[in-house]
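[1] next one to model:
(one chain, ligands or ions: 1)
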Amino acid sequence: MDLGLTGNGVLIVGGAKGIGHAIAQEFANEGADVVLADIDPAVQESAVLMNASANGTITSVVLDATDYNAVQALAEDINSYTEKLNHLVYAAGVGSNKFGFPFWEMDPSDWPFVLEVNLMGAVNVAHAFASQMQQCGQGSILFIASIAAQMGSQTDPPYSAAKAAIVNFMQVVAKDFAPYNVRANAISPGMIQTTLNKSVWAAWNERQSDTDKRSYEDWAGEKISSICPLGRWQKPEDIGRMATFLASQAAGNVTGQTVNVDGGIIMHS
Ligand SMILES: NC(=O)c1ccc[n+]([C@@H]2O[C@H](COP(=O)([O-])OP(=O)(O)OC[C@H]3O[C@@H](n4cnc5c(N)ncnc54)[C@H](O)[C@@H]3O)[C@@H](O)[C@H]2O)c1
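    Presented below is the predicted three-dimensional model:
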């Protein structure tokens, strides 16, 4: 589909793998110039492998989004990666790797790292690129949140709280950038087979008795059939397609919104 993104520049933080990588591929398919940033050095290989199918340019940079100085340095140097920057995507994320139900099974010391990556990394990116986005003329900012933000999910309390905070901050970003014709939105994925999703299962499984332990597939299958009306996994490319739609002028009047791509797990009346 031609969404009119050819020649647009996009920075995707958390683009080495999983959902961020699928978003990058969708932008590349649309002919955008894509900059992949990730703490994982494998981001460089990810970018090289993508080049084959790309219409625009694809570059990569190793970046720890929790390091504000490093994010600022990238903002100052962004034009050596892409001629112009129209879109920011924050898809980096981590879980605590602990099963948090009930919450007192965790310790307050389990919280800061999860908040640093899921919330402060996004805040760092928004701050560091604020002046470029004010000047870009027409653009968008996308935060990958989670359905956990909207339902007090007991699985990983610091993760849910960080995602709820990012949805709230996204609305502030949307209001502050609106006069500059820059829109901000969030996507809340449901359940997608990625490293992060598997770590949630691993933390759960570790806490079960031998008889209650499940394989990843069985655990996910039971969960999906009980909570997801469409009864199936979401796929990384489902999020990629929604991301490019939200970045495009087809969504030119959509800002400050959280779009659930979750097979219907969350339904608000
Ligand atoms: N997989 C799911 O079911 C699901 C559901 C809801 C929300 N999400 C969200 O989707 C986003 C992508 O997660 P995913 O499932 O693709 O996981 P993933 O582990 O496959 O990808 C996350 C990426 O973030 C990167 N990252 C982690 N810390 C970073 C840092 N400090 N700086 C830069 N990059 C960093 C990782 O290296 C990795 O490449 C996350 O925000 C996650 O919370 C995922």
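[2] need the contact list for the most centrally placed residue in the chain.
    With distances taken as CA atoms, centre = their mean, Ala91 lies nearest the centre of the chain, 2.4 Å away. By CB atoms under 8 Å, 6 or more residues apart in numbering, the residues touching Ala91 are 12-15, 18-20, 23, 144. In short, each C-beta sits where N, CA and C put it, glycine included.
[3] same check, this time on Ala186
    142-145, 166-167, 170, 257-259.
[4] out of those, who's near the ligand?
    Ile144 (CB under 6 Å from any ligand atom).
[5] got the end-to-end distance for stretch 66-85?
    With CA to CA, to the nearest Å as the measure, stretch 66-85 spans 21 Å from end to end.
[6] and which of the contacts of Ala91 is nearest the ligand?
    Nearest to the ligand among those is Gly18, at 2.2 Å by CB to the nearest ligand atom.
[7] what's near enough to touch the closest one?
    91, 192, 194-196, 236.
[8] for the stretch 151-269 of the chain, what lies in contact range of the ligand?
    So the stretch 151-269 of the chain meets the ligand at 189, 191-192, 194-197 (CB under 6 Å from any ligand atom).
[9] could you report the neighbour count for the nearest residue to Val43 once chain neighbours are set aside?
    In space, and not counting its chain neighbours, Val43 is closest to Ala16: 3.9 Å by CB to CB, 6 or more residues apart in numbering. Residues lying near Ala16 (other CB atoms under 10 Å) number 24.
[10] for Ala16, give me phi and psi.
    Backbone torsions for Ala16, taken as degrees, to the nearest 10, come to phi -70, psi -40.
[11] that one touches Ser46, doesn't it?
    Yes: contact criterion CB atoms under 8 Å: Ala16 and Ser46 qualify, at 5.0 Å.
[12] in the stretch 101-250 of the chain, which spans are helices?
    111-115, 121-128, 130-135, 157-177, 195-206, 216-227, 236-247 (DSSP state H, counting those that start in this stretch).
[13] can you list contacts of stretch 98-111?
    So stretch 98-111 is contacted by 96, 154-158, 161, 203-204, 206-207 (CB under 8 Å, 6+ apart).
[14] hmm, try it at 10 Å
    For stretch 98-111, the external contacting residues (CB atoms under 10 Å, 6 or more residues apart in numbering) are 96-97, 114, 153-162, 199-208.
[15] buried subset of those?
    Neighbour-count burial (16 or more other CB atoms under 10 Å) applied to the contacts of stretch 98-111 gives 96, 114, 153, 155-162, 199-201, 203-204.
[16] so which pair among the residues you listed is furthest apart in space?
    Ala161 and Trp201 (20.7 Å; CB to CB).
[17] residue furthest from the geometric center of the chain?
    Per CA atoms, centre = their mean, the most distant residue from the centre of the chain is Thr211 (35.1 Å).
[18] look up the pLDDT of it for me, please.
    For Thr211, the model assigns a pLDDT of 93.
[19] please name the residues that touch Glu45.
    16, 60.
[20] do you know how far it is from Val62?
    Distance, Glu45 to Val62, using CB to CB, to the nearest Å: 12 Å.
[21] shared neighbours of these two, anything?
    In contact with both Glu45 and Val62: Ala16, using CB under 10 Å, 6+ apart.
[22] A strand includes Val89, no?
    Yes: in this structure, Val89 lies within a strand as judged by DSSP: H, G, I helix; E, B strand; the rest coil.
[23] do I have it right that it meets Leu142?
    Yes: if you go by CB atoms under 10 Å, Val89 and Leu142 touch, sitting 4.7 Å apart.
[24] common neighbours of those two, please.
    10, 12, 23, 187, 243, 246-247.
[25] would you turn those into a markdown table with pLDDT?
    Shown next, in a markdown table, are the shared contacts of Val89 and Leu142 (pLDDT from 0 to 100):
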| residue | pLDDT |
| --- | --- |
| Val10 | 98 |
| Ile12 | 98 |
| Ile23 | 98 |
| Ile187 | 98 |
| Ala243 | 98 |
| Leu246 | 98 |
| Ala247 | 98 |
